[in-house]
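S.K.: With the sequence up front, the predicted model follows.
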Amino acid sequence: MTSLAIARPHYSIRKFDPNRTIERPVLNELLDALRYCPSPTNLQPWRFLIAESAVTKAQLADAAKQVDDNKGFELLDASHFILLCRLSDMSDEHLQALLAQEAAEGRFSDGSAHIAQHHARARRINLHRYERKDLAHWMEKHVYLALGSLISRAAALGIDAVPMEHFDQASVDAAFQLPQQGLTGVLLVALGYRTRDNGDGPGKSRLPAERIFMFR
C-alpha cells in the first residue's frame with residue numbers, strides 16, 4: 001500500500017471501537033515514531049504523557065470536552081491518549097543531557113567537536129530567545145513535527161488518531177503537575193480504532209491540487 005493510499009482515508013473520526021485496544025508492541029511503534037521524529041538541532045524539547053488507565057483517559061477526555069470544538073467526539077472509547085508537551089524553557093540541564101547522549105553514541109571525534117555542537121545549538125536557542133523572542137513558540141513547532149510523525153505512523157498501522165489543539169490546558173497542566181516538571185501541555189491526541197458505523201460524513205475534503213501547488 002502506498003503512503004497516499006494510507007493517508008487519504010484517515011481523518012478525525014467521531015467514534016472509537018470500545019472493544020479494541022492498541023496492543024503494546026504496536027503502541028511501542030507509535031512511541032518510536034515520536035522519539036525518532038525530526039528535531040532541528042536535535043533539540044528534542046518535548047515530553048509525552050501516555051494515558052492508558054481509565055482514570056487518566058477520563059481526565060484527558062473531560063479536558064477535551066470542555067472545548068466546544070470537541071463535543072462531537074466520543075473520546076472515552078479511545079484506546080489511548082497521548083499528551084504532547086514542550087519544555088517550559090530551555091535549561092542548561094537539558095542541553096547537557098543532549099550533549100552527554102550524543103557523546104555516549106560516539107558522535108564527537110574529539111573535544112572540539114563537542115564544544116562546536118554546544119555552541120551551534122546555543123546560537124540557535126539564543127536567536128529565538130533574545131532576537132526573535134519566540135523560544136516557546138519555536139519549541140512548539142518541534143512538538144508539531146512529532147505530531148506529524150505520530151499521525152503518519154498511526155495511519156500506516158491502521159490506527160485512527162484525533163489530534164486536539166484546543167482543550168482545557170490549564171486543568172491538565174495542574175492535574176499532572178506539569179509546571180513543576182518544567183513542562184507545558186501543547187497537543188492532545190486520542191488513539192484507537194474506528195467503529196464500523198462512525199457517522200462521520202463523506203470523509204476527508206481537500207482543495208484541488210492546482211489551487212495549492214505552485215510551480216516555478
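M.R.: The structure has been received and is ready for your questions.

S.K.: Give me the longest strand you can find in this protein.
M.R.: Ordering each strand of the chain by length in residues (DSSP state E) puts strand 183-192 first.

S.K.: buried stuff in stretch 52-71?
M.R.: Judged by neighbour count using 16 or more other CB atoms under 10 Å, the buried positions of stretch 52-71 are 56-57, 59-64, 70. (Each C-beta comes from the backbone N, C-alpha and C, glycine too.)

S.K.: which residues touch it?
M.R.: Contacts to stretch 52-71, defined as CB atoms under 8 Å, 6 or more residues apart in numbering, come from residues 51, 73, 75-76, 78-81, 83, 164, 166-169, 171-172, 175, 188, 190.

S.K.: one more time with 10 Å
M.R.: For stretch 52-71, the surrounding residues in contact (CB atoms under 10 Å, 6 or more residues apart in numbering) are 12, 21-22, 24, 27, 49-51, 73-83, 162, 164-173, 175-176, 185, 188-191.

S.K.: Now tabulate the buried residues of stretch 52-71 in CSV and tack on pLDDT and secondary structure.
M.R.: Shown next, in CSV, are those (pLDDT from 0 to 100; DSSP: H, G, I helix; E, B strand; the rest coil):
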residue, pLDDT, secondary structure
Thr56, 96, helix
Lys57, 94, helix
Gln59, 94, helix
Leu60, 94, helix
Ala61, 91, helix
Asp62, 91, helix
Ala63, 92, helix
Ala64, 89, helix
Asn70, 66, helix
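
S.K.: Going by distance to Gly106, which of these wins?
M.R.: The nearest member of these to Gly106, counting by CB to CB, is Thr56 at 38.0 Å.

S.K.: What's the end-to-end length of stretch 165-179?
M.R.: 19 Å (CA to CA, to the nearest Å).

S.K.: where's that stretch relative to the chain centroid, distance-wise?
M.R.: What separates the centre of stretch 165-179 from the centre of its chain is 15 Å, taken as CA atoms, centre = their mean, to the nearest Å.

S.K.: Whichever strand or helix holds Leu150 to strand 183-192, inter-axis angle?
M.R.: Here Leu150, judged by DSSP states H and E, is contained in helix 135-156. The directions of helix 135-156 and strand 183-192 differ by 10 degrees, with axes from the mean of the first three to the mean of the last three CA atoms, to 10 degrees as the criterion.

S.K.: tell me which helix or strand of this protein sits lowest on mean pLDDT?
M.R.: helix 3-7 (a mean of 52; mean pLDDT, DSSP states H and E).

S.K.: Quick check: buried residues in the next helix or strand after that helix?
M.R.: Moving toward the C-terminus from helix 3-7, the next helix or strand (DSSP H and E) is helix 24-35. Judged by neighbour count (16+ other CB under 10 Å), helix 24-35 contains these buried residues: 26-27, 30, 33-34.
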